[in-house]
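In: got a sequence here, can you build the structure:
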Amino acid sequence: MQEYLLKVSPGAAKDVARYLDLPTPPTHVRLSTLAPLSSWGYPPDATGAVLKILEHGLVTGQDGGRDEAPHDFVPWQNVAYLSDGTRLAKETLGAK
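Out: Got it, this is the predicted structure:
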């Protein structure tokens, strides 16, 4: 399994909160996948984010509405788990 710490975009916030049964959306999530995801095409300063949650999986891409990095579809079959990563982001990244 691979684990990623991703920001939660405004477009995915409501769905992420619903999936995780949280009253407010987390700022970040931990996404664990069975097969690794590629960071090919991401600029060095890019921050990965969950952009959208769909019926058959989720879409990841670059945070902040920048589209320099590719959007990737991650099917639910490749997701081991999705969890709240807000605390981890605060501790490791100093995120607010």
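In: which residues are in contact with the top helix by length along the chain?
Out: As far as residue count goes, and with DSSP state H defining each element, the longest helix of the chain is helix 10-19. Under the contact criterion Cβ atoms under 8 Å, 6 or more residues apart in numbering, helix 10-19 has outside partners 8, 22-26, 29, 49-53, 58-59, 82. For every residue, glycine as well, the C-beta is placed using N, CA and C.
In: now with 6 Å?
Out: The list of residues contacting helix 10-19 from outside it, by Cβ atoms under 6 Å, 6 or more residues apart in numbering, reads Val8, Pro25, Val50, Leu51, Lys52, Ile53.
In: and these, which of them are in strands?
Out: When DSSP state E defines the strands, the subset of those inside them is Val8, Val50, Leu51, Lys52, Ile53.
In: and the residue in the chain sticking out farthest from the centre, what pLDDT?
Out: Relative to the mean C-alpha coordinate of the chain, counting by Cα atoms, centre = their mean, the farthest residue is Pro23 (18.3 Å). Looking at Pro23, its pLDDT stands at 98.
In: quick one on the thing from earlier: CA atoms only for the longest helix of the chain - export them in PDB, please.
Out: Taking Å, rounded to 0.1, in the frame of the first residue of the first chain, the C-alpha atoms of helix 10-19 are listed here in PDB:
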ATOM      1  CA  PRO A  10     -13.400  23.300  -2.100                       C
ATOM      2  CA  GLY A  11     -15.000  21.200  -4.800                       C
ATOM      3  CA  ALA A  12     -14.500  18.000  -2.800                       C
ATOM      4  CA  ALA A  13     -14.900  19.300   0.700                       C
ATOM      5  CA  LYS A  14     -18.600  18.500   1.200                       C
ATOM      6  CA  ASP A  15     -18.300  15.000  -0.200                       C
ATOM      7  CA  VAL A  16     -15.200  14.200   1.800                       C
ATOM      8  CA  ALA A  17     -16.900  15.400   5.100                       C
ATOM      9  CA  ARG A  18     -19.900  13.200   4.200                       C
ATOM     10  CA  TYR A  19     -17.700  10.100   3.500                       C
END
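In: in it, what counts as buried?
Out: Going by neighbour count (16 or more other Cβ atoms under 10 Å), the buried part of helix 10-19 is Ala12, Ala13, Asp15, Val16, Ala17.
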